[in-house]
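In: The amino acid sequence is not available; the structure is as follows:
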């Protein structure tokens, strides 16, 4: 199984600022994803982090608001830009195993509060 | 068509009882159906998963039942324990270019009373 760490684990930020969340995996993985979990809600996929190319965003999410980097097969960052209180959520990194292995793992999440 | 509907929203079970959580989907392209368990302050952890070529999968006290024609699947937790108290999410994904992208149900908060 993959071990995923995220930094920071939580943060309180002011409106209008930006926060970059880091995701580190202990092994090389092909597929990395970023999800958002709003308070008391389910998880929603933000984007697929593609190594060496631009991320692929889901409907309702845009690169200007959630820029993503993936410089190698074990690391990715998600930035939440120009934050507002509506961005207060848990942001989770996940990785998928090799096709056909049917495994997908989640990091512990970053709990973001925007004042 | 991308939705996965989960019920109930919350469930209270006595220790030793059976917990049953249900999910329904519309998109017949989904071919992978995992269940996740999430404790407060933690990320979701994969519990058990099934593909539509089988109707049931059992791992310890956890069983997935899958009804392809009805487009429904359910999680059964036998001999429920207080330590099972958590939020459970069903999910679904498909292969191809969408491999690994999970669509989640709304979640079920399970409380097991001692």
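Out: The structure has been received and is ready for your questions. Since we're looking at a predicted model, the values are computed, not measured.

In: name the helices or strands packed onto the least confident helix or strand in chain A by mean pLDDT?
Out: For chain A, the helix or strand with the lowest mean confidence is strand A:104-106, at a mean of 88 (criterion: mean pLDDT, DSSP states H and E). Counting contacts by 3 or more CB pairs under 8 Å, 6 or more residues apart in numbering or on different chains; DSSP states H and E, strand A:104-106 packs against strand A:89-96, strand B:45-50. C-beta coordinates here come from the backbone N, C-alpha and C atoms, glycine included.

In: Pick the most buried one from the ones you listed.
Out: By mean neighbour count, with neighbours taken as mean count of other CB atoms under 10 Å in any protein chain shown, strand A:89-96 ranks first of the helices and strands packed on strand A:104-106 at a mean of 24.

In: Strands of chain B, residue ranges please.
Out: Secondary structure of chain B (DSSP state E): strands at B:4-7, B:10-14, B:19-25, B:33-38, B:45-50, B:56-59, B:62-67, B:72-77, B:86-92, B:103-104, B:108-113.

In: Any idea which of the ones you listed gets closest to residue A:21?
Out: Residue A:21 sits nearest to strand B:33-38 of all the strands of chain B, at 18.5 Å, using CB to CB.

In: thinking again about what came up before, as JSON lines, the strands of chain B with mean pLDDT and distance to residue A:37 would be great.
Out: Formatted as JSON lines, the strands of chain B follow (pLDDT from 0 to 100; distance: least, CB to CB, whole Å):
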{"stretch": "strand B:4-7", "mean pLDDT": "96", "distance to residue A:37": "15"}
{"stretch": "strand B:10-14", "mean pLDDT": "98", "distance to residue A:37": "17"}
{"stretch": "strand B:19-25", "mean pLDDT": "98", "distance to residue A:37": "18"}
{"stretch": "strand B:33-38", "mean pLDDT": "95", "distance to residue A:37": "9"}
{"stretch": "strand B:45-50", "mean pLDDT": "92", "distance to residue A:37": "14"}
{"stretch": "strand B:56-59", "mean pLDDT": "96", "distance to residue A:37": "25"}
{"stretch": "strand B:62-67", "mean pLDDT": "96", "distance to residue A:37": "22"}
{"stretch": "strand B:72-77", "mean pLDDT": "98", "distance to residue A:37": "19"}
{"stretch": "strand B:86-92", "mean pLDDT": "96", "distance to residue A:37": "10"}
{"stretch": "strand B:103-104", "mean pLDDT": "94", "distance to residue A:37": "9"}
{"stretch": "strand B:108-113", "mean pLDDT": "97", "distance to residue A:37": "14"}
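
In: now the ones you listed in CSV, with distance to chain A?
Out: Below are the strands of chain B laid out as CSV (distance: least, CB to the nearest CB, whole Å):
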stretch, distance to chain A
strand B:4-7, 8
strand B:10-14, 11
strand B:19-25, 12
strand B:33-38, 7
strand B:45-50, 5
strand B:56-59, 11
strand B:62-67, 12
strand B:72-77, 14
strand B:86-92, 6
strand B:103-104, 5
strand B:108-113, 9
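
In: closest one to residue A:5 among those strands?
Out: Each of the strands of chain B was scored for nearness to residue A:5 using CB to CB, and the closest is strand B:45-50 (15.0 Å).

In: I'd like to check the angle between that closest one and strand B:33-38, please.
Out: Orientation of strand B:45-50 against strand B:33-38 (axes from the mean of the first three to the mean of the last three CA atoms, to 10 degrees) gives an angle of 160 degrees.

In: tell me the contacts of the spatially most central residue of chain A?
Out: Using CA atoms, centre = their mean, the residue of chain A that lies closest to the mean C-alpha position is residue A:34, 3.2 Å off. Taking CB atoms under 8 Å, 6 or more residues apart in numbering or on different chains as the criterion, residue A:34 is in contact with A:23, A:45-47, A:49, A:66, A:68, A:76, A:78, A:91-94.
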